[in-house]
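S.K.: Sequence and predicted structure below; questions after.
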Amino acid sequence: MEDVGVVLAGRGGARMLRILNIRLSRCTVLSQLMRVPLPPLVTPRVLGVDDFALYGDTYGTLLVDAATRLPLTLWEGRDADQLSRWLREHPGVKVACRNGSLTYRQGITGGAPDAVQVSDRFHLWQGLSRRVQDIASAHRGCLPAALPSAGESDPAPVGEPAGNTAADTRAARHARRLFEAVQALTRTGRSHSSVARELSLDRRTVGKYARARTWQEVIRRPPRKPSSLDPYLDYLQQRWDEGQHSAKILHEELQAKGYCGHYQRVKMAVAPLRRGLPLDEPRERPPSPREAARWITAHPHRRNIHINELLPRLLEHCPELRQTHDLVRQFAAMLDNRDATPLTGWLDDLAHSGLAPLAGLAGALREDQDAVVQGIAPPYNSAVNEGRITDVKLQKRLMAGRAGVPLLRHRVVLIAHLRRRYADRPPR
């Protein structure tokens, strides 16, 4: 009954026991579970510390023995005093693996000042990736240059048709007025929030108009996504030129050729032809800032052929993204080689890069440089912490998020030991 309660908690445990002809309520199962004593806590030599979302904006702290990969305890909150108190009550920790949290750094320093702190490689790379995305967002105007048809000389031809065919529409006049108003106010040095309040616009809308070089960029229609009709566009054009202008008949002919789409899609596809315009063919859209950041941070051998064609074009167009790419690859080389020797020079390059996100990251890493060096070079990391955090989230979901901290602690610790006990049994 105790093992069933550990694995399935109250309601699920009661249902399983009912199948075994043991009729107990869920409250009885949980009460018996809480009576099970926790295994004796042995102070680990290598301690893993990480936080997890308990509920809402409330977080908890989980401690893991990195050598045995077993959870030790958890509690609500992530303050330094509580961690320091636990370390003083359990002396003997030699290595502490953590993320870049200032709270945990102070807690370990106060409770185990002689312990070597290790800033985990995963969190270091995650922090750098966020800064890369911030830089890509700040230079989103360069992202269309990744496409083969984009470049320094292409925006003008793209804008001309928009001005000739849509300049007199209501949407174009509205976009031109807003563009001129936003540009006039931002040139005076006013913030986007101030301009948004005066013009009664959203701050993101003001930012879009402020970044645009021409008003045509604001109303430019986004590229159409590929559809199942695309392989049949040449046939549609051919039949239209031959005089067949019935969308219903064209749809029937396409079905005979294997098209499985709806008639409405064919009707919408031939609509431009009725106005004397060409068929709307799919166009590749520029990468988003998140995609561009993923391209830059991905290992060159893990990028597909298409990205390897687009990324050099983007980096050639934007010196800031090229500089960011070079710095990212330098840090990746340090992680791959587990060599922290170039770290000091790399941090100097970040600080003098002229890119605010990277300069801020350099300042944060300098304050924690000893732990960063330990995170790059030795074999210790927080992988076991992340695995146990995933297990904590699973136990919370099994109890529908209504478990208190004592019950959650009991289940997380006991289920790990239960799995270990059954895993160590020899097969029959």
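M.R.: Structure's in. What do you need?

S.K.: Which secondary structure element of this structure has the lowest mean pLDDT?
M.R.: When the helices and strands of the chain are scored by mean pLDDT, DSSP states H and E, helix 155-166 comes last with a mean of 39.

S.K.: continuing past that helix, what's the next helix or strand?
M.R.: helix 170-186 (DSSP states H and E).

S.K.: for that following helix, packing partners?
M.R.: Under the contact criterion of 3 or more CB pairs under 8 Å, 6 or more residues apart in numbering; DSSP states H and E, helix 170-186 touches helix 192-199, helix 203-211, helix 215-219. (Glycine included, C-beta is placed from N, CA and C.)

S.K.: mind putting these in JSON lines, distance to Leu41 included?
M.R.: Below are the helices and strands packed on helix 170-186 laid out as JSON lines (distance: least, CB to CB, whole Å):
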{"stretch": "helix 192-199", "distance to Leu41": "51"}
{"stretch": "helix 203-211", "distance to Leu41": "50"}
{"stretch": "helix 215-219", "distance to Leu41": "61"}
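
S.K.: Now do the strands in this structure.
M.R.: Along the chain, counting by DSSP state E, strands occupy 46-55, 58-65, 70-76, 95-98, 116-119.

S.K.: most packed of those strands?
M.R.: With neighbours defined as mean count of other CB atoms under 10 Å, the strands of the chain peak in mean count at strand 95-98, which reaches a mean of 25.

S.K.: That strand pairs with which strands, parallel or anti?
M.R.: strand 46-55 (parallel), strand 116-119 (parallel) (DSSP bridges).

S.K.: hang on, the earlier thing: looking at the helices and strands packed on helix 170-186, which is buried most?
M.R.: Stretch with highest mean neighbour count among the helices and strands packed on helix 170-186: helix 215-219 (a mean of 20; mean count of other CB under 10 Å).

S.K.: these two touch, right, Leu147 and Leu311?
M.R.: No: counting by CB atoms under 8 Å, Leu147 does not reach Leu311; the two are 11.8 Å apart.

S.K.: Give me the contact list for stretch 108-124.
M.R.: Applying CB atoms under 8 Å, 6 or more residues apart in numbering, the external contacts of stretch 108-124 come out as 47, 49, 80-81, 83-88, 91, 93-100, 105, 335, 365, 368, 370-372, 374-376, 378, 380-383, 385-386.

S.K.: can we see that at 6 Å?
M.R.: Applying CB atoms under 6 Å, 6 or more residues apart in numbering, the contact partners of stretch 108-124 are 84, 87-88, 93-97, 99-100, 335, 368, 371-372, 374-375, 380-382.

S.K.: repeat for stretch 173-184
M.R.: Residues outside stretch 173-184 that contact it (CB under 6 Å, 6+ apart): Val206, Tyr209, Ala210, Trp215, Val218, Ile219.

S.K.: Pipe those into JSON lines and attach pLDDT and distance to Ala269 per row.
M.R.: Formatted as JSON lines, the contacts of stretch 173-184 follow (pLDDT from 0 to 100; distance: CB to CB, whole Å):
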{"residue": "Val206", "pLDDT": "89", "distance to Ala269": "36"}
{"residue": "Tyr209", "pLDDT": "88", "distance to Ala269": "32"}
{"residue": "Ala210", "pLDDT": "88", "distance to Ala269": "36"}
{"residue": "Trp215", "pLDDT": "76", "distance to Ala269": "29"}
{"residue": "Val218", "pLDDT": "72", "distance to Ala269": "27"}
{"residue": "Ile219", "pLDDT": "66", "distance to Ala269": "23"}
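
S.K.: Distance to Ser137 for those - can I get that in JSON lines?
M.R.: As requested, the contacts of stretch 173-184 are exported to JSON lines (distance: CB to CB, whole Å):
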{"residue": "Val206", "distance to Ser137": "15"}
{"residue": "Tyr209", "distance to Ser137": "16"}
{"residue": "Ala210", "distance to Ser137": "14"}
{"residue": "Trp215", "distance to Ser137": "22"}
{"residue": "Val218", "distance to Ser137": "17"}
{"residue": "Ile219", "distance to Ser137": "21"}
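
S.K.: Relative to Ser191, which of those residues is nearest.
M.R.: Val206 (9.2 Å; CB to CB).

S.K.: Would you mind confirming that that closest one is in contact with Ala196?
M.R.: Yes: in terms of CB atoms under 6 Å, Val206 counts as a neighbour of Ala196; the distance is 4.6 Å.

S.K.: Give the residue spans of the chain that score low on pLDDT.
M.R.: Under the criterion pLDDT under 70, the flagged ranges of the chain are 149-169, 216-217, 219-225, 281-284, 400-402, 424-428.

S.K.: Relative to Pro231, which of the helices and strands packed on helix 170-186 is closest?
M.R.: Comparing the helices and strands packed on helix 170-186 against Pro231 with CB to CB, the closest turns out to be helix 215-219 (30.2 Å).

S.K.: Out of the strands paired with strand 95-98, which is closest to Gly258?
M.R.: Of the strands paired with strand 95-98, nearest to Gly258 by CB to CB is strand 46-55, at 49.4 Å.
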